[in-house]
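[1] Quick one: sequence and predicted model below, then my questions.
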Amino acid sequence: MPRARLGRFTKPMSKVFSYPKSEKLKNKKTIDLLFSEGKSVSKYPLKLIYAQTAPFFNTQIEAGVTVPKRNFKSAVTRNRIKRLLREAYRINKQEVFNNTEGRFAFLFLYLGKEVPTFKQVEKGMKVVLQRFFEAEITQNRKK
RNA sequence: UAAGCAGGCUACCUUAUCGCUCUGGCGGUGAACGUCAGAGAGGAAAGUCCGGACACCAUAGUGCAGUAUAGCGGGUAACGCCCGUCGUUCCAUUUUAAUUUCUAUUAGGAUGGAAAAGGACCAGUGCAACAGAAAGCAAGUACAGUUCGGCUGUAGUGAAACCAGGUAAACUCUAUACGGUGAAACGUCACGUAAAUCGGUGUUUGAGGGCUGCACGCCCGAAUCGAAGGGUAGGCGGUUCGAACCUUUGGGUAACUAAAGGUCUAGAUAAAUGAUAAGGAGCCCCGAUGUAUUUCGAGGUGUACAGGAUCCGGCUUAUUGGCCUGCUUUUUUA
RNA sequence: GGCCCUGUGGCGCAACUGGAUAGCGCAUCUGACUACGAAUCAGAAGGUUACAAGUUCGAAUCUUGUCAGGGUCA
């Protein structure tokens, strides 16, 4: 563990609504982990797959975004939906940072078959994150 | 002024807030991070249909096989691309001749435009449904003519009929070009496992490899091939200055090219250009005025096709609106 | 990013060295048989051979270009 400095865990909070490169979910292993063992909550047209990961890197949450090629053939519309999803996560992620303990990996899937507006995506994002909190709280109480 | 055709250019804008990637400066030992400044998708970035650059494989070698192209000349790094030109076919206009009351038909010439994968059945092999005597090496119907010789002409079937027949986007032949594999190439650093198990072949009598379909030749060569199984699937370089773009002058019918001057113009990697709000160009529709252009008011829309992934030159396909140039036809005025 | 393959009724397949009505099985519909159903028998419908252009007298077949689907790679 050469580069893991656990004391550096907290990020500076000056840029609240940012979504830099280091918070993006890139590692193929963790993505495989998400699909095999991750739990999910969904609110059409969004679906959130999440899993707890080891506290290894500096970031608290890694998040990724996916739009299936099967539903959207054009690369332009796929890029647009991914941008909308990223934007919605960027604006609403602060609640997650304030209300959770531990590290998580997120993957947002878009399941709809039509191009949404930003308001639809943001509404779905808020609901999905709320359901994520509820699921986590009930799990903690069971423990 | 309007319409059509051909070619070229362009790709909505402004403000505010929040945000993304890269580069440079400063702070920071360094990384992270902060801050300031700058840069940040296309005409097709697409399809991957051709041609190259570049990298590795012998210094890329020989023969066969295979693939591609096809009048002639030029351009180019190269091309299946582009330009010019010849012939062919089609269309339009015009003209001549014959027939005809006219319309029109046939044949020939001229002008303009368009299209196309446009070598060779005088090397050989194959193919041709139905119809037809006969569709390829053998035969033959009817009528007419006749120098009486299966000599000549006509008719009928058919897309094609006796003729050196048709057919090569049939095999093939001729000429020319092409070695193979492709940035998941290739180099390098790091992490990690199994130097284990089973079976085959082999060490100068040479296994196997050098990703070519085969043969030869050349090089490396002591281990190697297969099965099942285990590990890693990360970083950096290649990677953006290039057959680059712009302007002027000269050469060329043109495609294009030479010289001089100037410019720096994306480098992401689960993949950067976005979101929200307001407003304005533009477009559409409705109403009023009006011969019409226009003007005023209200509403809608505020864009089509579409996102770099090593890089260039083409081709093909998708596509909305605006602007410019040329040609043709038409209207008005003088 | 590169390379390769395939498109024929609703489904699975034939016909592919060009020759005319594109065929077979299952499924569908109608009728018969039966008290009713299944099975069986008889009959019918359903195709612009993925789309577009070309070569040819003639194209599912040959050529080219689009579109759709699938496979493969360190």
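    Sure, I can see it.

[2] Would you map the strands across chain A?
    Here chain A has its strands, by DSSP state E, at A:39-43, A:46-53, A:61-66, A:103-110.

[3] which parts of the shortest one are buried?
    It refers to strand A:39-43. Neighbour counts over strand A:39-43 (16 or more other Cβ atoms under 10 Å) mark A:Ser40, A:Val41, A:Lys43 as buried. Yep, even glycine has a C-beta here, placed from its N, CA and C like the rest.

[4] how about these in TSV, adding pLDDT and distance to A:Asn99?
    Shown next, in TSV, are these (pLDDT from 0 to 100; distance: Cβ to Cβ, whole Å):
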residue	pLDDT	distance to A:Asn99
A:Ser40	87	19
A:Val41	89	15
A:Lys43	85	18
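
[5] and these near RNA strand B, which?
    Among these, no residue sits close to RNA strand B (Cβ under 7 Å from any atom of the strand).

[6] Perfect, I'm done here.
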